[in-house]
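Asker: kindly generate the corresponding structure for this input.
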Amino acid sequence: MSRNRLSPKARPSAFSKYDIALFIDEKGKTRWSHLLRAFVENESDRHISRQRLSNYLKELCAEGLVSKTVDKKALMFRLYWRVYPIYVVPKSRKKRIEEIRKKKKIYEFVDSASPEKIMRLHEAVEDLEEN
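Answerer: Below is the predicted model:
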């Protein structure tokens, strides 16, 4: 291995499909162009390819966390401009999205916590397991 390669810890982690679902939930309704700007064409080191974004959206739609629909306003004016699909989180899946958001927050805390906080967290987990 060459020395120029980054270790897995030094590399920024790529986006997951749940990051995309959380983004769609925050925006309310999202177009493909918004997703491209946020996840593919952003200026940071953390980005994904168009193909991966498309695959993640297909997986999210298959899971039911995200639905692909057509904007009603655009559909009314379809003679004047082209109708593009939008992505939304159905109301029935809001609870699941909140669970994902909470778990993500916990994982981020664990990844960035100091060793002292990790020890206290470990002790709290052991206390919970005992009860």
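
Asker: okay, buried residues for the lowest-mean-pLDDT helix or strand in the chain please.
Answerer: Lowest by mean pLDDT, DSSP states H and E among the helices and strands of the chain is helix 72-76, with a mean of 72. Using 16 or more other Cβ atoms under 10 Å as the test for burial, helix 72-76 gives residue 74. In short, each C-beta sits where N, CA and C put it, glycine included.

Asker: can you tell me what sits against the lengthiest helix in the chain?
Answerer: Using DSSP state H, we find that the single longest helix of the chain is helix 94-112. Helix 94-112 has contacts (Cβ atoms under 8 Å, 6 or more residues apart in numbering) with 18-19, 21-22, 25, 65, 89, 118, 121.

Asker: check contacts around residue 30.
Answerer: Residue 30 neighbours (Cβ under 8 Å, 6+ apart): 23-24, 86-88.

Asker: quick one: secondary structure of residue 51?
Answerer: helix (DSSP: H, G, I helix; E, B strand; the rest coil).

Asker: what sits against it?
Answerer: Contacts of residue 51 (Cβ under 8 Å, 6+ apart): none.

Asker: any idea how far it is from residue 116?
Answerer: Distance, residue 51 to residue 116, by Cβ to Cβ, to the nearest Å: 42 Å.

Asker: thinking again about what came up before, in a markdown table: the contacts of residue 30, plus distance to residue 14, neighbour count and secondary structure.
Answerer: Converted to a markdown table, the contacts of residue 30 look like this (distance: Cβ to Cβ, whole Å; neighbours: other Cβ atoms under 10 Å; DSSP: H, G, I helix; E, B strand; the rest coil):
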| residue | distance to residue 14 | neighbour count | secondary structure |
| --- | --- | --- | --- |
| 23 | 14 | 16 | helix |
| 24 | 18 | 24 | helix |
| 86 | 24 | 20 | strand |
| 87 | 20 | 22 | strand |
| 88 | 24 | 17 | strand |
